[in-house]
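Chemist: sequence-free structure coming up:
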């Protein structure tokens, strides 16, 4: 009877029985070839597998998922502060103070993240755009960093630029920093060129913009490095065409600054973001609709937020396909507030959004439910940078 019971347990759990035949090294070798989402799910196979995957020593060999978001804090007349909001299940501890960066940088502002690297702007005085500053690219997981030489444009124009990081560890240990310059005129405020720093050459090059249309890039919206191209969100500003002035486009630029392209984004969203998820490029937007109650004695209104998630199916035709749509009525007691979608999870159909003045929310579009709430510091400036740890020691020309 006892033997029959043991046999039955083995039949009911064949995965655990088969898993016991593999050595730890072989399991790690197999897991290292899988997507991060699959590795995370395999923690549920057994306790030994969970401990094996969670071991800090083994993290260097396994693909990582989203750990959380870096973001800046700022108070008038005070220095920049840096914060980190952890996503449930991320598992990697992050110190947003970046203590490994030398003390010679009095103020550090977070600019961008890309595939485990972090782009920082370092200043002597944060309240002026005429002060000397440097860009620093670092890897928080390995505490390696590089200081970039000064960009080619005059320092007084720093706040008239959008700066982004481009890095793909699967292709090269080298990275690029792209600084898009725009006109300082209020009437014609559009991108006019880009400075590109290459860690391979250690130098900046300047390229004039090659767009026939006049595009204003969104500084507070995320960019995506995918397929050798940087993807940024911008607004089309054709002259004397009010109807078309609200069109939002995706701007694609190659790493040499020679190939520029635009793709129209779906219409009808008040706030928008792009992200790479499960190997595809996605666009998420949100709109808030108010329905006024005319029969009520009080001037009351009901409101709902609609979130849409689109996938770019065809680059040549610019075809977007709607994957998910959800209406959120008064999410989590947040009333009368715009919810801005700012990020898309890289491994699942979850979007991250923040109500104005509220905490960060994670919403599962597939199952249409809230899955996380992340508390934010009150002094945050509203730009959140997704972070996935990169444990590779390789960072080209990094300082020791």
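Modeler: Arrived safely. Keep in mind it's a predicted model, so treat the numbers as computed, not measured.
Chemist: surely residue 310 meets residue 281?
Modeler: No - Residue 310 lies out of contact with residue 281 (CB atoms under 8 Å); the separation is 9.4 Å. Backbone N, C-alpha and C define where each C-beta goes, glycine included.
Chemist: Residue 82 and residue 94 touch, don't they?
Modeler: No - using CB under 8 Å, residue 82 is not in contact with residue 94, being 10.2 Å away.
Chemist: shared neighbours, these two?
Modeler: Taking CB atoms under 8 Å, 6 or more residues apart in numbering as the criterion, residue 82 and residue 94 both touch residue 70.
Chemist: Straight-line length of stretch 151-169, end to end?
Modeler: Using CA to CA, to the nearest Å, the end-to-end distance of stretch 151-169 comes to 24 Å.
Chemist: What of stretch 147-166?
Modeler: Terminal-residue distance, stretch 147-166 (CA to CA): 16 Å.
Chemist: Residue 52 should be in a strand, yeah?
Modeler: No - counting by DSSP: H, G, I helix; E, B strand; the rest coil, residue 52 is not part of a strand but helix.
Chemist: quick one: the residue lying closest to it once chain neighbours are set aside and residue 199, what's the gap?
Modeler: Nearest residue to residue 52 in three dimensions, chain neighbours excluded: residue 24, at 5.8 Å (CB to CB, 6 or more residues apart in numbering). Distance from residue 24 to residue 199, counting by CB to CB, to the nearest Å: 35 Å.
Chemist: With residue 111 instead?
Modeler: Here residue 111 is placed at a distance of 16 Å from residue 199 (CB to CB).
Chemist: So for these two, which residue has more residues nearby?
Modeler: residue 111 (23 against 20; other CB atoms under 10 Å).
Chemist: Point out where the stretch 1-150 of the chain drops to low pLDDT.
Modeler: The stretch 1-150 of the chain contains residues with pLDDT under 70 at 1-21, 29, 32-40, 53-54, 56-63, 75-79, 89-91, 125-132.
Chemist: So which residues of it form helices?
Modeler: 2-12, 14-19, 24-31, 36-41, 47-54 (DSSP state H, counting those that start in this stretch).
Chemist: I'd assumed residue 272 was in a strand, is it?
Modeler: Yes - applying three-state DSSP, one finds residue 272 inside a strand.
Chemist: contacting residues around the closest residue to residue 175 other than its chain neighbours?
Modeler: Among residues not flanking residue 175 along the chain, residue 167 sits closest, at 3.9 Å (CB to CB, 6+ apart). Applying CB under 8 Å, 6+ apart, we find residue 167 in contact with 114-117, 175-176, 225.
Chemist: Try it again at 10 Å.
Modeler: By CB atoms under 10 Å, 6 or more residues apart in numbering, residue 167 lies in contact with 112-117, 119, 137, 139, 173-177, 199, 225, 390, 395.
Chemist: And residue 201, by the same measure?
Modeler: Counting by CB under 10 Å, 6+ apart, residue 201 makes contact with 174, 176.
Chemist: run the last query once more with 6 Å
Modeler: With CB atoms under 6 Å, 6 or more residues apart in numbering as the criterion, no residue contacts residue 201.
Chemist: ok, residue 314 - how many residues close by?
Modeler: Neighbour count for residue 314, taken as other CB under 10 Å: 10.
Chemist: And it, how far from residue 321?
Modeler: Here residue 314 is placed at a distance of 9 Å from residue 321 (CB to CB).
Chemist: got it, and residue 368?
Modeler: Using CB to CB, residue 368 is found at 19 Å from residue 321.
Chemist: ok, now residue 26?
Modeler: Counting by CB to CB, the gap from residue 26 to residue 321 is 39 Å.
Chemist: shaky segments in the stretch 301-400 of the chain?
Modeler: Using pLDDT under 70, the stretch 301-400 of the chain drops low at 301-303, 329-338, 393-400.
Chemist: Now do the strands in it.
Modeler: Along the stretch 301-400 of the chain, the stretches classed as strands by DSSP state E, counting those that start in this stretch are 319-328, 339-344, 350-355, 360-364, 369-374, 380-387.
Chemist: The shortest one: partners in the sheet, and parallel or antiparallel?
Modeler: Applying DSSP bridges to the sheet, strand 360-364 is found paired with strand 350-355 (antiparallel), strand 369-374 (antiparallel).
Chemist: For the ones you listed, please prepare CSV with the additional fields distance to residue 71 and mean neighbour count.
Modeler: Converted to CSV, the strands paired with strand 360-364 look like this (distance: least, CB to CB, whole Å; neighbours: other CB atoms under 10 Å):
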stretch, distance to residue 71, mean neighbour count
strand 350-355, 10, 24
strand 369-374, 10, 14
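Chemist: Can you say which of these is nearest to residue 88?
Modeler: For the strands paired with strand 360-364, proximity to residue 88 was assessed by CB to CB; strand 369-374 is nearest, at 5.3 Å.
Chemist: Can you tell me the number of residues neighbouring residue 204?
Modeler: By other CB under 10 Å, 17 other residues sit near residue 204.
Chemist: Quick one: residues contacting it.
Modeler: Here residue 204 is in contact with 151-152, 195, 197 (CB under 6 Å, 6+ apart).
Chemist: Using the three-state scheme, assign it.
Modeler: Assignment for residue 204 (three-state DSSP): strand.
Chemist: mind starting the numbering at 18 from now?
Modeler: With the count now opening at 18, the last piece we talked about shows up as residue 221.
Chemist: Bridge partners for it, pull those for me.
Modeler: Here residue 221, judged by DSSP bridges, has bridge partners residue 214.
Chemist: I'm done for today, thanks for sticking with me.
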